[in-house]
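Peer 1: How does the following fold in three dimensions:
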Amino acid sequence: MAVLRGKGLGLEIALGERDFEEALAELESKLGERPGFYSGAQATAALGRASPSDDQLARLRTLLGGHGVVLEALSGEAHVGALAVAQGLRYVADLDGGEELARRRALRPKRELQLSDAARSLVADFAGARADIAVRRSRGESSVRRLVPEPPPVVAVPEAEPVAPATLYHVGTLRGGQALHNVGNIVVIGDVNPGAELIAGGDIAVFGSLRGVAHAGAQGDAGARVYAVDLAPTQLRIATLIAAEAGAREAGKQPEAACVQNDRIMIVPLDRVGIVQKKTKEKVE
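Peer 2: As a prediction, the model looks like this:
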């Protein structure tokens, strides 16, 4: 029988017909399993025919008080009433240490185990299962149905847009022996002195004097251009073309651009580049 159980609005400590020390140890274990759970509850100690000493009852009250439980009453046979009065507790005569409850439980009629029709027909169920397995095997299927996972949904992956080569910006003058190479465009804020070299896969723009070597469209782009405020390169190339006598050319009085026209490199004022290439396009069409 459990030493601790809920009853009504309080707790019942079943101590009757049990060794008090063992019951106290079990109670301490039960309370220790759930610290604070019973805090604030009121308890009745069911003593039955037992008559614990004052010291034992004091230890019981101390144990319960340590977990926040107040011993409110004692129950049991008639002698327990005097014990309750001596301890300043209420006496309850209708409890008997759980013996009455155990007696009532023993008197309850035991339910007869009833088997359902489905439970009695286990042999027939096995026979049906065997027949079902035989049918599956005759169809070439597995004897045990297996869950076939659905294929994962196809998620369309957007095509990556081609990324244009980055433009290389250089601020400062390039002296002879210095060089800039870039797969994209090259922009120089400064002068490019003789002996310096610019090689770009795209356009070349020099915001200053271009007097070194400039090669635009180095990867074969004949539409590339070379721009300069003062365009007087020692050598000028666009794609696979080389400007003849570029080193002997004097710079113009305004910004100029070099572009390809009729398979030749042509140098024109910057404001006429669009006109020249438009006429070239019209001739081709």
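Peer 1: Sort out which residues of stretch 43-59 are buried, please.
Peer 2: For stretch 43-59, a neighbour-count test (16 or more other CB atoms under 10 Å) marks 43-48, 50, 52, 56-57, 59 as buried. For glycine as for every other residue, the C-beta is placed from the backbone atoms N, C-alpha and C.
Peer 1: right, I mislabeled it, should have said stretch 141-156
Peer 2: Residues of stretch 141-156 include none that count as buried (16+ other CB under 10 Å).
Peer 1: Give the rounded mean pLDDT of it.
Peer 2: For stretch 141-156, mean pLDDT is 78.
Peer 1: Give me the residues contacting it.
Peer 2: Contacts with stretch 141-156, where a contact means CB atoms under 8 Å, 6 or more residues apart in numbering, come from 133, 136-137.
Peer 1: go on, stretch 34-47?
Peer 2: 7, 9-16, 31, 57, 60, 64, 67-77, 80, 83, 92, 95-98.
Peer 1: run the last query once more with 6 Å
Peer 2: With contacts defined as CB atoms under 6 Å, 6 or more residues apart in numbering, stretch 34-47 is touched by 10-16, 64, 67-76, 80, 92, 95, 97-98.
Peer 1: Stretch 176-196 now?
Peer 2: 165-175, 197-212, 234.
Peer 1: The residues you listed in helices, which ones?
Peer 2: In helices, judged by DSSP state H, none of those are found.
Peer 1: Of those residues, select the buried ones using a PyMOL command.
Peer 2: For the buried members of those, the matching PyMOL selection, counting by 16+ other CB under 10 Å, is:
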select buried, resi 168+170+174+197+198+199+200+201+202+203+204+205+206+207+208+209+210+211+212+234
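Peer 1: ok, back up a step: inside helices: which ones of the buried residues of stretch 43-59?
Peer 2: Secondary structure from DSSP H places 56-57, 59 of the buried residues of stretch 43-59 in helices.
Peer 1: Which one of those residues is nearest to residue 88?
Peer 2: Within these, distances to residue 88 taken as CB to CB reach their minimum at residue 57, with 10.7 Å.
Peer 1: any idea how far the closest one lies from residue 91?
Peer 2: Computed with CB to CB, to the nearest Å, the distance linking residue 57 and residue 91 is 13 Å.
Peer 1: Repeat that for residue 202.
Peer 2: 106 Å.
Peer 1: go on, residue 188?
Peer 2: Taking CB to CB, one finds residue 188 at 109 Å from residue 91.
Peer 1: which of the two has more neighbours?
Peer 2: Remark: of residue 188 and residue 91, residue 188 carries more neighbours, 25 against 18, as counted by other CB atoms under 10 Å.
Peer 1: For my notes, confirm that one occurs in a helix.
Peer 2: No. Counting by DSSP: H, G, I helix; E, B strand; the rest coil, residue 188 is located in no helix; its state is strand.
Peer 1: where exactly do the helices run in this structure?
Peer 2: 20-33, 54-66, 78-87, 99-107, 117-120, 122-138, 273-284.
Peer 1: how far does the third one sit from the chain's center?
Peer 2: Helix 78-87 has its C-alpha centroid displaced from the chain centroid by 66 Å (CA atoms, centre = their mean, to the nearest Å).
Peer 1: Same question for the second one.
Peer 2: Shown here is helix 54-66, whose average C-alpha point lies 54 Å from the average C-alpha point of the whole chain (CA atoms, centre = their mean).
Peer 1: got the angle for that helix vs helix 20-33?
Peer 2: Relative orientation of helix 54-66 versus helix 20-33 (axes from the mean of the first three to the mean of the last three CA atoms, to 10 degrees): 10 degrees.
Peer 1: Please convert the buried residues of stretch 43-59 to TSV, extending it with pLDDT and distance to residue 260.
Peer 2: Output for the buried residues of stretch 43-59, formatted as TSV (pLDDT from 0 to 100; distance: CB to CB, whole Å):
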residue	pLDDT	distance to residue 260
43	88	105
44	89	110
45	87	111
46	86	112
47	84	116
48	81	117
50	82	117
52	86	116
56	88	114
57	88	114
59	89	110
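Peer 1: closest to residue 256 among the residues you listed?
Peer 2: residue 43 (106.8 Å).
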